[in-house]
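[1] take this sequence and fold it.
(one chain, ligands or ions: 4)
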Amino acid sequence: MRLSRYFLPNLRETPKEAEIVSHRLMLRAGMIRQQSAGIYAWLPLGLRVLKKITAIIREEQERAGAQEILMPTIQSADLWRESGRYDAYGKEMLRIRDRHDREMLYGPTNEEMVTDIVRSFVRSYKDLPLNLYHIQWKFRDEIRPRFGTMRSREFLMKDAYSFDIDAAGARHSYNKMFVAYLRTFARMGLKAIPMQADTGPIGGDLSHEFIILASTGESEVFCHRDFLDFSVPPADTDFDNAEGLQALFDRWTALYAATSEKHDPATFDAISTGKQVSARGIEVGHIFYFGTKYSAPLKATVTGPDGQEHTLHMGSYGIGPSRLVAAIVEASHDDAGIVWPDAVAPFHVSLLNLKVGDQATDAASLRLEKALATRGFDVLYDDRDERPGAKFATADLIGSPWQVLVGPKSLAEGKVEVKRRATGERELLSVEDAVERIA
Ligand code: ATP
Ligand code: MG
Ligand code: MG
Ligand code: MG
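    Ligands and ions are numbered 1, 2, ... in the order given. As a prediction, the model looks like this:
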């Protein structure tokens, strides 16, 4: 991609409305634009990150056996009356009337709709277990939309829903998502800690929020420090092995970790003081086992091996990709701008031609652009007729993990400069070695 032609509306000034660093940097880098309160347009750079995040989520959902569908954003109020949530949901739900005066709504979540789909097709225990997920825009009329895409009104959510014949099956399904979540966040360069979360009126201990520690987080959290050094389950984890998954779950929940709603000061104080972490955190995912809460009122049943009707046991599993973009920036930036982890970076390499129009730098830049593209890297080639200082600032702001600086001086000695954004480390290398270094 040529920067001279790329739609990258960088802001010079720090936007006044942005209270936290991720919001400021996402606006300054030209990733998003607010269209109404809590409603954002995603510009090319931001959309690239969002797509990288959803690609990782998809891979890990599929690995854990979930299947992708796509449900609509607009839902019928009738379905929500069946579950009893239409009135209970309150002002967070955006309610709409169509031309026939039918009551509709913009979905804040999809338990009812997915249960309706499953009840209309699934009749036998042989069709279970089943886990269906989608990645779709949600709307919640938040009282205080703020912090950019961290807490917006329209936001993207990956929501998965599992269906099992009994509680033991549902437990296995829950553990699959638990492990998938550990892998998903780790692949994005985040340390997300599963914390006991409120299960509300349903009770039980099967709900976890995945929280990343950040001073600007809206949740107050308490956990054991050792969580930060836990290693995540590998890609070849056997998701069909119920005992193996349970053992992973047990290990990851053996130490104390809770949000303020579930906080037990006595247990926390028993942790040696050096290991106590009392911090703020961002909820990036939330998984929940809720049994027959929706399947019972919606009459979603299957015939079991015993010939009897069984009400389905369900769980739901959410991740906020649009919140994650902000959370990653919150976790990974410096004074000059964003520092993208490799796996979610919009571009791997910012290629800076420091003297556009100079035959040597133009030719070397072109060679680098081709060689890197051939190796599958996303390259943003800064071919603008700008001062080097402006190019450095843009590259640091948008945070590509690698920068390659092509200037006439070093090039006279056959060298270009390779800079690692995260550490600032620089190396003078030949064009060939520069490509090798990045690969
Ligand atoms: P919060 O406590 O932050 O309001 P929630 O508990 O209401 O979130 P869930 O219903 O658990 O959210 O939704 C699943 C995921 O969707 C959350 O873990 C979060 O990542 C994301 N999410 C929820 N609300 C928003 C929002 N307003 N903006 C962006 N992402 C959101
Ligand atoms: Mg909420
Ligand atoms: Mg919450
Ligand atoms: Mg939640």
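
[2] shaky segments in the stretch 101-250 of the chain?
    For the stretch 101-250 of the chain, the stretches flagged by pLDDT under 70 are 201-205.

[3] got the residues of the stretch 301-439 of the chain near ligand 1?
    Within the stretch 301-439 of the chain, the residues that sit near ligand 1 (C-beta under 6 Å from any ligand atom) are 318-320, 322-323. Just so you know, the C-beta spots here come from the backbone N, C-alpha and C atoms, and that holds for glycine as well.

[4] one more time with 8 Å
    Within the stretch 301-439 of the chain, the positions lying close to ligand 1 (C-beta under 8 Å from any ligand atom) are 318-320, 322-324.

[5] in strands, which of those residues fall?
    Under the assignment DSSP state E, these contribute 318-319 to strands.

[6] distance to Gly46 added to the residues of the stretch 301-439 of the chain next to ligand 1, as a markdown table?
    Below are those laid out as a markdown table (distance: C-beta to C-beta, whole Å):
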| residue | distance to Gly46 |
| --- | --- |
| Gly318 | 21 |
| Ile319 | 18 |
| Gly320 | 15 |
| Ser322 | 9 |
| Arg323 | 13 |
| Leu324 | 12 |
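
[7] OK, contacts around Thr14?
    Counting by C-beta atoms under 8 Å, 6 or more residues apart in numbering, Thr14 touches 24, 28.

[8] what about it, which SS state?
    coil (DSSP: H, G, I helix; E, B strand; the rest coil).

[9] need phi/psi at it.
    phi -80, psi 120 (degrees, to the nearest 10).

[10] what ranges does the stretch 151-300 of the chain have for its strands?
    154-164, 192-196, 207-213, 219-224, 257-259, 276-291 (DSSP state E, counting those that start in this stretch).

[11] distance to Ile57 and mean neighbour count added to these, as a markdown table?
    Listed next are the strands of the stretch 151-300 of the chain as a markdown table, based on distance: least, C-beta to C-beta, whole Å; neighbours: other C-beta atoms under 10 Å:
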| stretch | distance to Ile57 | mean neighbour count |
| --- | --- | --- |
| strand 154-164 | 5 | 24 |
| strand 192-196 | 13 | 24 |
| strand 207-213 | 12 | 24 |
| strand 219-224 | 21 | 20 |
| strand 257-259 | 22 | 21 |
| strand 276-291 | 10 | 21 |
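
[12] quick one, which of those strands gets closest to Ala363.
    When the strands of the stretch 151-300 of the chain are compared by C-beta to C-beta, strand 154-164 sits nearest Ala363, at 42.0 Å.

[13] could you figure out how far the closest one is turned away from strand 276-291?
    In terms of direction (axes from the mean of the first three to the mean of the last three C-alpha atoms, to 10 degrees), strand 154-164 departs from strand 276-291 by 60 degrees.

[14] C-alpha coordinates for strand 154-164, CSV please?
    Output in CSV follows, covering the C-alpha atoms of strand 154-164 (Å, rounded to 0.1, in the frame of the first residue of the first chain):
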residue,chain,number,x,y,z
GLU,A,154,-22.8,0.2,18.6
PHE,A,155,-20.1,-2.4,18.9
LEU,A,156,-18.9,-5.7,17.4
MET,A,157,-19.3,-8.8,19.4
LYS,A,158,-18.4,-12.4,18.9
ASP,A,159,-21.1,-14.4,20.6
ALA,A,160,-21.1,-18.2,20.8
TYR,A,161,-23.9,-20.3,22.2
SER,A,162,-23.5,-23.9,23.2
PHE,A,163,-26.3,-26.6,23.4
ASP,A,164,-26.0,-29.8,25.4
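
[15] give me the helices and strands touching it, please.
    When contacts are defined as 3 or more C-beta pairs under 8 Å, 6 or more residues apart in numbering; DSSP states H and E, strand 154-164 packs onto helix 44-63, helix 111-121, strand 130-139, helix 167-187, strand 313-319, helix 321-331.

[16] quick check: angle from that strand to helix 321-331?
    Using the same axes, to 10 degrees: strand 154-164 against helix 321-331 is 110 degrees.

[17] hmm, strand 154-164 in reach of ligand 1?
    Yes. Using C-beta under 8 Å from any ligand atom, strand 154-164 reaches ligand 1 at 155-157, 159.

[18] tell me which of those residues is nearest to ligand 1?
    Phe155 (3.5 Å; C-beta to the nearest ligand atom).
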